[in-house]
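show me the folded form of this:
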Amino acid sequence: MLYEKLLKLAVYTSNEQDLPDPLFEKISLICETKGFDDALIRELIDHLENYEPFGDVGCGNLFSSTKQVEQCVARILKVV
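This next block holds a predicted model:
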């Protein structure tokens, strides 16, 4: 169920919020492979739910930036 939610969010974020294609491909691979740390998957879901391509620009950090999503993906893929 976590991976289905992650994939739906990744598709939406890719189509509607300009998530970079290479990042989307890595998230798709995570969803196909499965078996990763649930806490990290939940963190990635949280980042995608609050994704804004330029989330690290301006005042406050209400949104997750591309860099934050990339870092989370990298941590997930390192765990394998």
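
how far away from the center of its chain is the helix or strand hosting residue 22?
Per DSSP states H and E, residue 22 falls inside helix 21-33. Put simply, helix 21-33 sits 9 Å off its chain's centre (Cα atoms, centre = their mean, to the nearest Å).

who's in contact with that helix?
With contacts defined as Cβ atoms under 8 Å, 6 or more residues apart in numbering, helix 21-33 is touched by 3-4, 6-7, 10-11, 13-14, 36, 41, 44, 66, 69-70, 73, 76-77, 80. Heads up, the C-betas are built off the backbone N, CA and C, glycines and all.

can you flag the buried ones in these?
Applying 16 or more other Cβ atoms under 10 Å to those, the neighbour count classes 3, 6-7, 10, 13-14, 36, 41, 44, 66, 69, 73, 76 as buried.

and those, which two are furthest apart?
Taking Cβ to Cβ as the measure, those span a maximum distance of 21.3 Å, between 3 and 66.

neighbours of the closest residue to residue 4 other than its chain neighbours, how many?
The spatially closest residue to residue 4, leaving aside those adjacent along the chain, is residue 31, at 7.9 Å (Cβ to Cβ, 6 or more residues apart in numbering). The tally of other residues near residue 31 (other Cβ atoms under 10 Å) stands at 19.

quick one: residue 31 and residue 69, what's the gap?
14 Å (Cβ to Cβ, to the nearest Å).

before we move on, back to that, return the set of buried residues in the helix holding residue 22.
23, 24, 26, 27, 30, 31.

with stretch 44-55 instead?
44, 45, 47, 48, 51, 53, 55.

isn't the first one right up against residue 76?
Spelled out, it's residue 44. Yes: look at residue 44 against residue 76 with Cβ atoms under 8 Å: they come within range, at 6.5 Å.

and the angle from the worst-scoring helix or strand of the chain on mean pLDDT to helix 21-33?
Least confident element among the helices and strands of the chain, by mean pLDDT, DSSP states H and E: helix 66-79 (a mean of 92). Angle of helix 66-79 versus helix 21-33, following axes from the mean of the first three to the mean of the last three Cα atoms, to 10 degrees, is 40 degrees.
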